[in-house]
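Student: Dropping a prediction and its sequence here:
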Amino acid sequence: MIFFNNLNRVALVLVATLFLGACATQQQATTKGDDAYTGTETVKFLADGVPDRVFFSTNKSELTSAASATLAKQAAYLKANPTLNVVLEGHADERGTREYNLALGQKRATAAKDFLVSNGVAASRIKVISYGKEKPVNPASNALAWSQNRRSVTVKTN
Amino acid sequence: MKFKILKIFAFLLFLSTKSFAVVSVDITRGNLDPLPISVSDFYLDAKLNDNIKKLQLESKISEIIKNNLSRSGLFFPLEKKSFIQVPEAAHNKPRFEDWAFIKTQVLVTGKISLEKEGRLRVEFKLWDVVSATELSALAFYTTPDNWRRISHMISDKIYERLTGEKGYFDSRIIYVSETGPKVDRKKRLAVMDQDGYGVKYLTLGNELVLTPRFSPTSQHVTYMSYFKNLPRVYLLNIETGLQDLVGDFPGMTFAPRFSPDGKKIIMSFAQEGNSDIYTMDIKTRVVERLTDHPAIDTSPSYSPDSSYICFNSDRSGGQQIYTMRSDGTNVKRISFGEGLYGTPVWSPRGDLIAFTKLYKNKFYIGVMRSDGSGERLLTENFYQEAPSWSPNGRVLVFYRETPADNTGKGGGAKLWSIDLTGYNERLIQTPTDASDPSWSGLLSTK
Amino acid sequence: MQKSLKVSLIAHLIIIIISSLSLSFLTGRVQAPLVISVDLVQIGERTNIPYAPKVSDGEKTDKKTKERLVTEQAPPKIVPKEKPDAVPMPENIKQIKEILEKRQNPVKVEDLTKQTSEFEKKEIFDPNKISALIDKSKKDNSESNRKVSLEATQSQQKNVVTSKLTITQEDAIKAQIFKCWNIPIGLPYNENLTVKIRIKLNPDGSLISSEILDQARMNTAGQTYYKILAESALRAVKLCNPLKVPSTDYERWKEMQLNFDAKEMLKG
């Protein structure tokens, strides 16, 4: 009888752990799908109120809504300063193979460029370069640093 | 009647049998321990001049051989101090019982002498101590300063004679030397002997250089450089130091590799942000596009017979390994395990593809057959990638990064080698941090 | 509800107990030789020289003197083999080019083994032929067909009903050889490489002779792997000399055929 009671308890614990496990995996899944940096720690400004960089999720090159908002400001700024040329530098975090990251950085910077162009900035004013994982802004090896390094930075060239 | 036939059969059976039958025992198990080997110091010919004598080649050569054999994981070199017989006697008439006593199974002995014109003659003999036989004996002629290569060539001969497969010791590794802080790394191309000696720098570090790869003849290197801030694939002649831009692409070219005949370079070209795989004939400069897909296609590598190419693509959503015919047709995904797969490299034997795998935040170096079956992970770590095959397809060299702390300090990359069994993992000492290794072919082809 | 659960629980327990009992019975049979093998090794140490080569061994000394004859009497002739040039590093170029002016190759190789005199080949010693070192008396050509698929080269040998050792005896022999045999790890696992060695033993288990049955294959071109496996197998036999043998039935095991096959080990 005691034995059986124990068994009951064990079963309860088992079920509870399973639930918790499910919760944990679900949480992980959400952060993995969308882990773009949202802070302002590394951000510089092209001009007052115009952030110079946008951030991406792991292995992704799609623009987040925050990235689109930033790029819209950049587009407005560039249109207001028609003699200004820029280069978009695409980067990746250190958690990927070097060659793939070069391609990924290129894709990220190009995504940013495409947004600027579709918002009225002449394509001839924009150059794109990928540094892959070669130029991290934060050299630490943690999730925060990696999210800050997955970025496309708009740099004035004149 | 039946009985009679049986009797005849029995009689025949009896005839075919000799006086007694032999017990047969199947030996299907043995130990996979490395073979105990003794590398005796070589002995110096008495006529050698002092200039040669002070090089101490007699112990240096045997030391290199010993290190090579030990690093291969297939041999267990015994300590010199346990040797009973002196080098000269051992070379001329080994007392096998003395060597068997210290439980060595094979013995290497040698002799160094001087020939006319100041050339060095290095002779070695390989003995089977247990069966008391000479297995091979060779002599090499060279200038004295080539003694390191001689040591590697002797190592290759020993390896070949005892394993049946080609060696890999007389070869080089090209890599990227890294110095400076992580946010502003200085990267230079460097080349060294396979065992880490004789490092020479090929670029000054003024621009970022990545992913060097040897040509099959080991005379040329193709690599990626950010020269003038234009990331492009270059070709470098090691002998002359001359560099050449590969092709005239209006965008980033990267991930270069030679075709097995050395006539083409296969690489990625990123156009409008999209990376696809191209080849360029080095002589004719004819460019051919092999993939045309909106996803990333990169890290291409030819099969040794040039008929297939393996590459990395995220067309299925994540990074996976694909193969295709070398004309770009018949694209097939071959990696189906959990996780992401990158940097496929076809083995020089043709049967295996080495790769990097990312699974649950860990990085693995592994191999699979060229149809994707038989996946085997050899090593797990925080970060490692970019395997490159030894010339005989037995060992992989790759780079491994240790994590930086939260202030960004302490992270660094080093070169490691591991053999196909996965048991024998070794650090390759380099003067600086090092990444992106590429193994040359055997320098001596005979 | 609870009752039925209990019943099923008890029933399961009974099944588990029974199966584990019968399993341990089964494994017990398999494990038995392993235990014995440990015993054997301990006893084996009594014979103070576990290593094959002994100076007093007649066969051995013979070989050794022959060996000496080779090196003393006939220094091998030298035929230099051309060696292709190295890839010089930039710093080396000048130097190596100087050499090139004088001589075509920075490194030349000469093969000392292949150049032996006629006399040596016939009378004394050919390093490529282990056969020369093995007792040539082939008294018996009978061959087991147990488990082993016959190779074409051995077709001349006849199939015989093989007398058997008990499983324990056989496993004891296997366990000893297992320890002596360093499998050449570089061998391919997907090739049919079975090396058959015929050994003859004294009643005390010491080796009278060992002979590779498919001797011809040893020196066939393209059979390098076979040769290397055979050499390693021969070393194993000699390293295991003297074998720890059963105290009875000498007639049954005085001659044995050992079939060395590393396939399973190399695969794993």
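Tutor: Good, I have the coordinates.

Student: Quick check, the residue in chain A closest to chain B?
Tutor: Using CB to the nearest CB, the single residue of chain A nearest to chain B is A:Thr110, 2.6 Å away. Where you see a C-beta, it was placed from the backbone N, CA and C, and this is true even at glycine.

Student: Tell me if I'm right that that residue and B:Glu272 touch.
Tutor: Yes: at 6.4 Å, A:Thr110 and B:Glu272 qualify as touching, with contact defined as CB atoms under 8 Å.

Student: between those two, who's got more neighbours?
Tutor: Taking other CB atoms under 10 Å in any protein chain shown, A:Thr110 and B:Glu272 do not tie; A:Thr110 has more neighbours (23 against 13).

Student: which residues touch the residue nearest to the spatial centre of chain A?
Tutor: Centroid-nearest residue in chain A, with CA atoms, centre = their mean: A:Phe56, separated by 1.7 Å. A:Phe56 sits next to A:Ala36, A:Glu62, A:Leu63, A:Thr64, A:Ala67, A:Arg108, A:Arg150, A:Arg151, A:Ser152 when contact means CB atoms under 8 Å, 6 or more residues apart in numbering or on different chains.

Student: so how far is B:Leu204 from the residue nearest to it when sequence neighbours are not counted?
Tutor: With sequence-adjacent residues excluded and distances taken as CB to CB, 6 or more residues apart in numbering or on different chains, A:Phe56 is closest to A:Arg150, at 4.5 Å. From A:Arg150 across to B:Leu204, the span is 31 Å (CB to CB, to the nearest Å).

Student: With neighbour numbers in mind, choose between these two.
Tutor: A:Arg150 (29 against 10).

Student: Kindly state the pLDDT recorded for the more buried one?
Tutor: Model confidence at A:Arg150, given as pLDDT, is 98.

Student: For it, give me its contacts.
Tutor: Going by CB under 8 Å, 6+ apart, A:Arg150 touches A:Ala36, A:Tyr37, A:Phe55, A:Phe56, A:Ser57, A:Thr58, A:His91, A:Ala92, A:Asp93, A:Arg108.

Student: Redo those as TSV? Include pLDDT and secondary structure.
Tutor: Shown next, in TSV, are those (pLDDT from 0 to 100; DSSP: H, G, I helix; E, B strand; the rest coil):
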residue	pLDDT	secondary structure
A:Ala36	95	coil
A:Tyr37	96	coil
A:Phe55	98	strand
A:Phe56	98	coil
A:Ser57	97	coil
A:Thr58	96	coil
A:His91	98	strand
A:Ala92	98	coil
A:Asp93	97	coil
A:Arg108	98	helix
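
Student: Buried residues of the helix or strand containing A:Lys113, list them for me.
Tutor: In the assignment (DSSP states H and E), A:Lys113 maps to helix A:98-118. By neighbour count on 16 or more other CB atoms under 10 Å in any protein chain shown, the buried set for helix A:98-118 is A:98-116.

Student: Could you confirm whether stretch B:236-249 reaches chain C?
Tutor: Yes: Stretch B:236-249 comes into contact with chain C (CB under 8 Å from any CB of the partner chain), by way of B:Ile238, B:Glu239, B:Gly241.

Student: dump the residue contacts of A:Val54.
Tutor: A:Val54 neighbours (CB under 8 Å, 6+ apart): A:Leu63, A:Thr64, A:Ala66, A:Ala67, A:Thr70, A:Leu71, A:Ala112, A:Arg151, A:Ser152.

Student: Now it: closest residue in space, sequence neighbours ignored.
Tutor: Leaving aside its sequence neighbours, A:Val54 sits nearest to A:Ala67 (CB to CB, 6+ apart; 3.6 Å).

Student: now swap in B:Thr323 and tell me
Tutor: Nearest one to B:Thr323, counting by CB to CB, 6+ apart, is B:Cys310 at 4.9 Å.

Student: I'd like the distance between the one you found and C:Leu266.
Tutor: B:Cys310 is 25 Å from C:Leu266, where distance means CB to CB.

Student: Which one's more surrounded, those two?
Tutor: Per other CB under 10 Å, whichever of B:Cys310 and C:Leu266 has more neighbours is B:Cys310, with 26 against 20.

Student: quick one: which helix or strand includes that one?
Tutor: When secondary structure is defined by DSSP H and E, B:Cys310 falls within strand B:308-313.

Student: Averaging pLDDT per element, find the lowest-scoring helix or strand in the chain.
Tutor: In the absence of a named chain, chain A is used. helix A:2-33 (a mean of 49; mean pLDDT, DSSP states H and E).

Student: sorry, should have said chain C
Tutor: That would be, for chain C by mean pLDDT, DSSP H and E, helix C:58-73 at a mean of 34.

Student: Please, which helix or strand holds the closest residue to B:Asn67 other than its chain neighbours?
Tutor: The shortest distance from B:Asn67 to any residue other than its chain neighbours is 6.2 Å, reached at B:Asp195 (CB to CB, 6+ apart). B:Asp195 belongs to no helix or strand when assigned by DSSP H and E.
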